[in-house]
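> Got a predicted structure here, sequence first:
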Amino acid sequence: MISILTQPLRRKIETAGPRHGNGGTFSALAPRRNGRNRHRRVLFVTDFYLEDLLAGIVDYARLAGWELNANMRFHGLLPPVTEPCDGILATVTKARVRDWLAARPECPIVRMIGTEFDLPYPGVEGDYRAAGRSGARHLLELGHVHFAFYSLYDIPEVRELREGFEAELRAAGQSARRLDFFAARPGRHPADMTHQERCHCLAAELKRLPSPLAVMGDDDRRAVELLEACDVAGLRVPEEVAILGCDNHWVEQGMSPIPLSSVDMNFKGVGKKAAALLDDLMRGQPVSPVTRTAPAGIVARRSTATFVTDSAEITAAIVFLREHFHEPLHIAELARRAGMSERVFQLEFKLRVGHSAREELRRARMARAMQLLRDTDLKLEAIAMESGMISATRLCRLFTETQGISPNAWRAQAKTTR
């Protein structure tokens, strides 16, 4: 008779619902161990390395007391199939990782980010449809009426991002032109053209579109290409073309000729949630087939630092407001910069923008405060000063009025998703 301690760990997949829906659940028998305090050993296997993804895993692994093997990030070599472990966290975009995982049927596995393979493992993905909606809302706030979406590869994440972007624009009574490589060049592949050739083709397409234009790229690499194409076409960014990327990768941000606005996909939160999911799976708990993690928000930089109205004076005032909101700023000063009386300025501002200058100032300060609460450990007094709210008392009052929750409570919630 075989001892239960030496039996291979068995995976049980309940098929009460669709594999990639909300109805199905996954569960696995928890690994047996030869000591109550033995640390779990987890492998990080990647064919699409994202530094923030691993950072989230490390945060969880440290608190959970795991032994984490992430050596593959250095050399790209898969561990031996026989290497002992209690669980695996993997990105699966290539067949070699898919096949390697298939040789470990006894081991709990959680995949991270999207995949085109039909895999029998629970996964954690970024919510790209929500990212597309956030991107559209950000560009709509710039006052634009002409929009476009630029993509190079037709993969699930890109389709979801575009669908969310276009859906949000439709809800606002707007539409977007698709700058789609495959649609414009049937039968051709991006690899058939050099980067310079693609850039000149993109420049020609941009010049045919009405200006001013707001464009979202399917990721930060596409956004950098858009910046280069605008330079070739002689189009000014952000005055004539506002550009938004996605993923907020530090490499592309560092290589961008101007600071690039982007959607922060919260890959650190994806990694942390995937690690928690694997922990549940290793303990024999049922888990959902697919879990989506919401984006952390828009990181606004110079590439979208503009506003479009048919009044040059109001446009200049709102751009100044968005650049100087953290300073002591009064409506009278904005009116003076617009060359108007305060009363006329307030009437014109609301007519052109849709809300008051005071509301615009409050929104800018609140957005900055929320970003600092989420991304830093600064005390409330420092956040209030950095966002132009003068005091922690004022910050707490305005935050509770607009968000229905205190800054500290909101920060605690935000930190759990990163």
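Sure, I can see it. Nothing here was measured: the structure is a model prediction, and the numbers come from that model.
> show me what contacts residue 107?
By C-beta atoms under 8 Å, 6 or more residues apart in numbering, the contact set of residue 107 is 9, 85, 86, 87, 88. (Each C-beta comes from the backbone N, C-alpha and C, glycine too.)
> ok, the third one - how many residues close by?
Counted with other C-beta atoms under 10 Å, residues neighbouring residue 86 total 21.
> which residues touch it?
31, 40, 41, 42, 107, 108, 282.
> That one: what's its closest spatial neighbour, skipping adjacent residues?
residue 40 (4.3 Å; C-beta to C-beta, 6 or more residues apart in numbering).
> Surely the one you found is in contact with residue 282?
Yes - using C-beta atoms under 8 Å, residue 40 makes contact with residue 282 at a distance of 6.2 Å.
> Who wins on neighbours among the contacts of residue 86?
Of these, with other C-beta under 10 Å as the count, residue 108 tops at 31 neighbours.
> for that one, phi and psi?
Residue 108 adopts backbone torsions of phi -60, psi 130, taken as degrees, to the nearest 10.
> what pLDDT does it get?
pLDDT for residue 108: 97.
> Isn't it up against residue 279?
No - taking contacts as C-beta under 8 Å, residue 108 lies outside contact range of residue 279: 9.4 Å.
> who touches both of those two?
residue 87.
> related to what we said a few turns ago, between the contacts of residue 86, which is nearest residue 81?
The closest of these to residue 81 turns out to be residue 107 (C-beta to C-beta; 10.2 Å).
> what about that closest one, which helix or strand?
Counting by DSSP states H and E, residue 107 is held by no secondary-structure element, helix or strand.
> Give me the buried subset of the contacts of residue 107.
Neighbour counting over those (16 or more other C-beta atoms under 10 Å) leaves 9, 85, 86, 87, 88 as the buried ones.
> what's the neighbour count on residue 357?
24.
> and it, what does it touch?
Residue 357 touches 317, 318, 321, 331, 334, 345, 346, 349, 350, counting by C-beta under 8 Å, 6+ apart.
> let's see it at 10 Å
314, 317-318, 321, 329-331, 334-335, 338, 342, 345-346, 348-350 (C-beta atoms under 10 Å, 6 or more residues apart in numbering).
> and what of residue 182?
Contacts for residue 182 (C-beta under 10 Å, 6+ apart) come out as 151, 152, 153, 154, 188, 189, 190.
> Residue 190 is in contact with residue 181, isn't it?
Yes - Residue 190 is in contact with residue 181 according to C-beta atoms under 10 Å; the separation is 5.8 Å.
> neighbour count winner among these two?
residue 181 (19 against 12).
> Spatially, what comes nearest to the more buried one if we skip its sequence neighbours?
residue 152 (5.0 Å).
> OK, contacts around that neighbour?
158, 179-182, 190, 198, 202, 217-219, 221-222, 225.
> after the helix or strand that residue 362 is a member of, next one along is what?
Taking DSSP H and E as the definition, residue 362 sits inside helix 357-375. The element immediately downstream of helix 357-375 (helix or strand, assigned by DSSP H and E) is helix 380-386.
> Can you tell me what sits against that following helix?
326, 365, 368-373, 376, 378, 389-396, 398-399, 406-408, 411.
> Please list only the buried members of these.
365, 368-373, 389, 392, 395-396, 398-399, 407, 411.
> which stretches of the chain aren't confidently modelled?
In the predicted model of the chain, residues 1-38, 417-418 satisfy pLDDT under 70.
> What are the structural domain limits within it?
11-126+268-297, 128-261, 312-416 (automatic domain parsing).
> And the strands in the stretch 1-150 of the chain, which stretches?
Using DSSP state E, counting those that start in this stretch, the strands found in the stretch 1-150 of the chain span residues 11-14, 25-28, 41-45, 67-69, 87-91, 109-112, 123-126, 147-151.
> In this structure, which residue is most central in space?
residue 265 (1.6 Å; C-alpha atoms, centre = their mean).
> Which residues are in contact with that residue?
50, 52-53, 113, 125-128, 130-131, 157, 161, 219, 246-249, 293-296.
> if we go to 6 Å?
For residue 265, the contact set (C-beta atoms under 6 Å, 6 or more residues apart in numbering) comprises 126, 247, 295.
> what's the closest non-adjacent residue to it?
residue 126 (4.4 Å).
> Now restrict the contacts of residue 357 to buried residues only.
Of the contacts of residue 357, these count as buried by 16+ other C-beta under 10 Å: 314, 317-318, 321, 329, 331, 334-335, 338, 342, 345-346, 348-350.
> Nearest to residue 303, out of the domains of the chain?
domain 128-261 (4.5 Å).
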